[in-house]
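Engineer: I'd like to go over a predicted model; first the sequence, then the structure.
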Amino acid sequence: MSSLKIAITTGDVDGIGLEVTEKALNQLGPQKGASFLIWRSEPSFPKSLKRLSRHFQILTFHSPDEALACFLSPAMKPRHLVEIISNESPALWVEQTARWCQEKKIHGMVTGPLSKTEIFRAGLRDMGHTDILKRITQTSQVHMGFVGNKFNVVLATAHIPLSQVAGSLNEESLQAALAAANGLRLKLSKGLQKKPVAVLGLNPHAGEEGLIGKEEASLLMPALSNAKKRKIPVVGPLVPDAAFLEENWKKYSVYLSLYHDQGLIPFKMIHGQKSGVHISLGLPFVRTSVDHGTAKDIFGKNKAVANSMQDAIKTCLQLTKSSTKFLLTKR
């Protein structure tokens, strides 16, 4: 196939996004059959860029249009790295990159950590990357997936208040979430493809047969029955406080969590910054991301671990090469 074009947005200018991007690209080096473009702000780290120049020939632009024209040029080689120096908000970098992906000018995007406050500062009202991407692509059902070397998680709901979770769960939303989790299952290794999707209960003790909540019986059980009729292998609803015990990790292909923290607290506690990739499920193009935040407390201290960004870049490359035959992780 022709050279893959992957764009990387580095997130908040006072966060670790640029640092982990620089470290990840240094670790990976030029990739055969692929070219990279990165967005960064003017006040960046000269030492980091100097290290990158050992592996890449950096082509610098201040105009996104001129940068894109260069990036799409037949003269681009894997050793070339296009960078856009922009004084715009990093949230607008995400918007522009998403439009390029939507217009099929580039193949995929990798995102560094972007804070909700930065998005609002840019004049947007999206509650994160996912909402920006949904708006740009006009895609109604996009789910957050997280792939780690221990276990995998898909979220049925994203950045909404806890008080709104139960009301947002219905037959349609649950079926869409189950379809997203099953889609991720089919992109995993052959061994994991044979294992079911584990659906967590909403309430403590998965409702305790209706004593601590009715949603398991009224919503989850019918949704699981419907999924089985659609040949989606599922189990549950599982008791949330025991589902993520280590002895359970290898039993399931994907955990379907019903709200943000239910899935991401255990995922981030286990994987930290040492592994883990965030994948947007349901978009018309590939978007991967680090699975951690901006870590502004260590900004500029050269302490950030780049494993998650490295995995995100590698995963984006793999996904763009093939949408059906993809060995995401080996265990």
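Structural biologist: Received the coordinates, thanks. Numbers count the residues shown, from 1 in each chain.

Engineer: Residue 62 touches residue 83, doesn't it?
Structural biologist: No. In this structure, residue 62 is not within contact of residue 83 by C-beta atoms under 8 Å, at 9.9 Å. For glycine as for every other residue, the C-beta is placed from the backbone atoms N, C-alpha and C.

Engineer: neighbour-wise, which of those two wins?
Structural biologist: Ranked by neighbour count (other C-beta atoms under 10 Å), residue 62 and residue 83 place residue 83 first, with 22 against 12.

Engineer: distance of the more buried one from residue 317?
Structural biologist: Here residue 83 is placed at a distance of 19 Å from residue 317 (C-beta to C-beta, to the nearest Å).

Engineer: Could you do residue 23 as well?
Structural biologist: Residue 23 sits at a distance of 17 Å from residue 317 (criterion: C-beta to C-beta).

Engineer: thought residue 58 was touching residue 85?
Structural biologist: No. In this structure, residue 58 is not within contact of residue 85 by C-beta under 8 Å, at 10.7 Å.

Engineer: quick one, strands of the stretch 151-300 of the chain?
Structural biologist: Under the criterion DSSP state E, counting those that start in this stretch, the stretch 151-300 of the chain contains strands at 152-155, 197-200, 234-238, 254-257, 277-281, 286-290.

Engineer: Restricting to C-alpha, output the first one in CSV.
Structural biologist: Read it as strand 152-155. C-alpha atoms of strand 152-155 as CSV (Å, rounded to 0.1, in the frame of the first residue of the first chain):
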residue,chain,number,x,y,z
ASN,A,152,-9.1,-4.5,28.0
VAL,A,153,-12.0,-2.2,28.7
VAL,A,154,-14.8,-0.6,26.7
LEU,A,155,-17.0,2.2,28.3
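
Engineer: Name every strand pairing with it and say which way it goes.
Structural biologist: Next to strand 152-155 in the sheet, as set by DSSP bridges, lie strand 143-147 (antiparallel), strand 254-257 (parallel).

Engineer: so how far is the first one from its chain's centroid?
Structural biologist: Right, strand 143-147. 6 Å (C-alpha atoms, centre = their mean, to the nearest Å).

Engineer: who touches it?
Structural biologist: By C-beta atoms under 8 Å, 6 or more residues apart in numbering, the residues outside strand 143-147 that reach it are 130, 152-156, 158, 176-177, 180-181, 184, 188, 254, 263-264, 267, 276-282, 291, 315, 328-329.

Engineer: Not counting residues beside it along the chain, what's closest to residue 170?
Structural biologist: The shortest distance from residue 170 to any residue other than its chain neighbours is 7.1 Å, reached at residue 219 (C-beta to C-beta, 6 or more residues apart in numbering).

Engineer: how many other residues sit next to that neighbour?
Structural biologist: 19.

Engineer: Over to the one 5 residues further on?
Structural biologist: When neighbours are counted by other C-beta under 10 Å, residue 224 registers 20.

Engineer: again with residue 125
Structural biologist: As a burial measure, residue 125 scores 9 neighbours (other C-beta under 10 Å).

Engineer: Next, it: secondary structure please.
Structural biologist: coil (DSSP: H, G, I helix; E, B strand; the rest coil).

Engineer: How much space separates it from residue 183?
Structural biologist: Using C-beta to C-beta, we find residue 125 at a distance of 28 Å from residue 183.

Engineer: One more: residue 161?
Structural biologist: As judged by C-beta to C-beta, residue 161 and residue 183 stand 27 Å apart.

Engineer: cool, residue 94 as well?
Structural biologist: The gap separating residue 94 from residue 183 is 23 Å, by C-beta to C-beta.
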